[in-house]
Each structure stands twice: as structure tokens, then as C-alpha cells.
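Asker: Sequence plus predicted model, see below.
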Amino acid sequence: MPARLNSSPFLGFDVSVLNDAIPAAMTPTGFTTPALDLDHPWRSVLSSEIHSRPFLDIQAPAEVSHIAIFCDSDLQIHQALLASLCQHYGVAPPAEGHRNFSYTFSDFRLKWESHTEFSSYTLARSTTSTDAFSDPPHRYLPQAWLQQLRGLVMVATHLFVEKHDQQEVDGARLRSLFSGPVIAGSHTVGARAEVWSDFRVRADGFSRFLVRDIDLLFMQTGRLAQRLVEIETYRTIALLGLPQAQTNQPLIRQIEDELSTLTQGMGTANSPEDEYALMQSLITLAARVEAMSLASNNRFAAVQAYWRIVQARIADIRERRIEGYPTIAEFMDRRLVPAIEFCATINTRQQALAERVAHASDLLRTRVSINQERQNSAILASLNRRAKAQLRLQQAVEGFSTVAITYYVVGLIGYFSKGLKTLGLGVNADLVSVISIPIVIVATWIGVRRLRRSLSERASQEFR
């Protein structure tokens, strides 16, 4: 009998309906789950990504050629080159957007991978020859197709994988295979293999790795070969930041000197014209620093990312020292780390320079703001003095206005009194004029003050 579902308050419905729907004769081995479209749209893509870059199955003796093509300006070139190669052999190329491709041709096996800035071709073929690097698989590629790679190849390396003959490698043989003054060698993969290289590009345009298979297990040869070509590829592309750093170094020094001069000039600027000239110069410096940073920040970030991959790949091969020879890790520490650190230093100096220019601009803006506040304070003080002077003048005018109005009003009262006296009403015009003077003065003064106060209040309300 199939298992029955138990009721649970968390299901939110009666599971007895499901129990009734289960056929009684169905056994656990015969239970099938109907296919439901429940997956997130990206699930299949993300799940396939972890399986998208399989290692080549390589067995000693074998020859391997690896070519990395750098072309970040137009990634369509990588797809077009692969399609051209597949067309030559009558093979269907991968669909657009695919980032890896493997195929076994008659003369070699091909693994193609597309990365952010470059794509790589790894070719492998078995060999019966004991003469290392005598028959690399890249020779079987069509020459017309190889000519299309002109100016694009960033990395090209050969690997020769041979069976270990239980004897130490002969120094004379190493010198015949490698031309560099320093040859790196080490036991790898738990001492199951030996790896030798001088990391030098020879006259044919390829560097070399000699891999001696002592007791590599299934697929370990392919994994080791993949790690070695990745070390060579990523350490080369990591160095793409070095020319940019060398170009930026004198520019940074020049801008630092100009910034120092401008900063010293802030203490001697005595006029708004001088401050304006300083601000224009700082804006120009800031634009130059920003342009330099935009041109190199991504590359310097890529340098660090590629360097971390190189370190991870070196750790993966688990080196052990062979007496008298530097390991690959030691070789990289001595030759590659200084260049990586130089790029990091230049990037740090760029960022510090941008912050210094911004800080100097803030200081100059603060200086200009303080001067403007001082000017505004002086203007406000001048306005206050003018307002006080106007107030005193206004008060004086009010006094004159009161006298003048009183004079005219008393004159009118005098004329009016004389008219009444002419009519025979017995009014003393002079006495009336004398009595009306203080009354008119007080009334006029009160009226003028009320009018001024009313106008002031109205002006205050309009200002608010």
C-alpha cells in the first residue's frame, strides 16, 4: 500500500482528498509525480552553468595547444571566428549566446570557451612520439583561419604530456626544451605529476609546459592541463593593466605638482578674480583626473580579479618543491606580483588624487563662501547705517511736516475766524488762532505717527 498523507494544520486543506485519489494498488516503486512547470525561468541556465566547462579527457602521451583571443571591443568577433572554423569542417556551430563548445574532429579535440574579454581554444590530440612539442595540434587548423587571428592572439601555449620514466628529468633536456634562464618546476597534484615551464614566448609565438605523468588518476591529466593553461592565460591578461599604469604614472605626478601649486596659491589669492582663476584651474584638474580614472578603473579592477584567479589556480595544482628549481608560485611571486602591486599602487594614487582635488575644491569653495559672507555682512551693516540715517531723516521730516501742516491749518482757522467776525458774530480771530496752534500741533503729530506706523506694518507683511 502506498503511504498515506497525515493531516496538518499547515496545509490549509483536507489531505483526505489526496489520500482518496491515490490508487490502492499503487506501490511505492510505481508512484510517479506528474511533471509540473514550477521552475524559475533562470533555473535551467544557472544549473547548467556549473557543468558548462568540462575538462578534456587527456591521456599521456598527448600534445595540447591553447590559444586565447582578446577582443573586448566587439564580442561578436569571437562567435564569428568559431563559426568560421566550424564551417570549414562542416560542423554546426553553437547557437548564439552559448559560451562553450566541444567537438572531436578527425585530427584533434576542440574545446572553446567564451569569457568576458576573451575566448579560448584548447586543442588536444594523442601522440606516439616521444619528441616533445614536435607535433602540436594547432598545426592541423586551417591556415586561412589562423590568419584571421592576426593581431588578436593574447596567449598561445603548448603542453606536452608524457609518461614519467621513473628518472629525474635531465637538465640538458630541459635546456633544449626551454630557452629561458630560469625554469620553474614542481611536483603537482600530490606528487602525481611534474610540471616544467619557463613562461617564455618562443620564436613560433607559443610558450611551453612539460607535464610528466607519474601516476595521474582518471581526468586528473585534463584538469591539470586546464589549470596550467588558465594560469598562463590569466597571468598574461592580468598584465594588461601594466601599460595603463605606466602611462598614468607621469600624468599623476604632473597633476599632483599642479595641485600642490594651486593649493599654495589659495593663501595668496587676494581678490575674487584670483579665486575664480583658482576654481577654474581646479575644475580642469578634476576633469583630467576623472577622465584618467574612467579610462583605467575597469582595467585595474580586472587586474586584481585575474590575479586572484591565478592564485586560486596555483593553489589548485598543489605544488611541491623540486630541489634546485623555483615552483610556479615562487616564479609568479617574483615576476608577476611586482607588476600587480604597481597597478594597485597607481589605482590607489588615482583615487587619492581625486579625493585631494575634491578636498582642495571644497577648501576653495569654503574660502569663497567666507569672503561672500563677510561681504554680505558689510553690506548689511551699510544698509543698517543707511536705515538709521533714513530714520533720523524721516523723524526730522516728520517734525518739519508737523510744523508745516500746523502752519497751514492754523492759517485756515485764522481765515475762517476772520470770516465769522466779518459776519458780525463777534469772534476774536487772533485769539482763536493762538488757541488752535497747540491743538493742531498735537493732532498733526499723532496723525503722522499713526500713518508711518501703518505703512511700516504693511511693508513688513509684504516682506514676509
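Answerer: Nice, thanks for sending it over.

Asker: Low-confidence stretches in the stretch 351-464 of the chain?
Answerer: Judged by pLDDT under 70, the stretch 351-464 of the chain has its weakly predicted residues at 395, 397-399, 426, 459-460, 462-464.

Asker: wait, the chain
Answerer: Filtered on pLDDT under 70, the chain yields the residue ranges 1-36, 51-52, 72-73, 395, 397-399, 426, 459-460, 462-464.

Asker: List the buried residues of the lengthiest strand in it.
Answerer: Longest strand of the chain, by residue count under DSSP state E: strand 153-163. For strand 153-163, the neighbour count (16 or more other Cβ atoms under 10 Å) marks V153, M154, V155, A156, T157, H158, L159, F160, V161, E162 as buried. Glycine gets a C-beta too; all of them are placed from N, C-alpha and C.

Asker: which residue sits closest to the fourth one, ignoring its sequence neighbours?
Answerer: With sequence-adjacent residues excluded and distances taken as Cβ to Cβ, 6 or more residues apart in numbering, A156 is closest to F206, at 4.7 Å.

Asker: which ones are touching that neighbour?
Answerer: By Cβ atoms under 8 Å, 6 or more residues apart in numbering, the contact list for F206 reads S65, P136, H138, A156, T157, H158.

Asker: for it, phi and psi?
Answerer: Dihedral pair for F206: phi -120, psi 140, per degrees, to the nearest 10.

Asker: neighbouring strands for the longest strand of the chain, and are they parallel or not?
Answerer: In the sheet, strand 153-163 lines up against strand 62-70 (antiparallel), strand 207-213 (parallel) (DSSP bridges).

Asker: Tabulate the buried residues of strand 153-163 (TSV), appending distance to A172.
Answerer: Converted to TSV, those look like this (distance: Cβ to Cβ, whole Å):
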residue	distance to A172
V153	31
M154	32
V155	29
A156	26
T157	23
H158	20
L159	21
F160	17
V161	21
E162	16
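
Asker: Mind telling me the two of the residues you listed farthest from one another?
Answerer: Greatest spacing in those, by Cβ to Cβ: M154 and E162 (27.4 Å).

Asker: what packs against the longest helix anywhere in the chain?
Answerer: Counting by DSSP state H, the longest helix found in the chain is helix 337-422. Judged by 3 or more Cβ pairs under 8 Å, 6 or more residues apart in numbering; DSSP states H and E, helix 337-422 is in contact with helix 241-265, helix 272-316, helix 429-463.

Asker: Which among those helices is found nearest to F118?
Answerer: Among those, if distance is taken as Cβ to Cβ, the winner is helix 272-316, at 10.5 Å.

Asker: And the contacts of the helix or strand just after that closest one?
Answerer: Counting by DSSP states H and E, the element after helix 272-316 in chain order, helix or strand, is strand 320-321. Here strand 320-321 makes contact (Cβ under 8 Å, 6+ apart) with S186, H187, T188, A191, T327.

Asker: Quick one: classify the first one as helix, strand or coil.
Answerer: Spelled out, that is S186. Under DSSP: H, G, I helix; E, B strand; the rest coil, S186 falls in the strand class.
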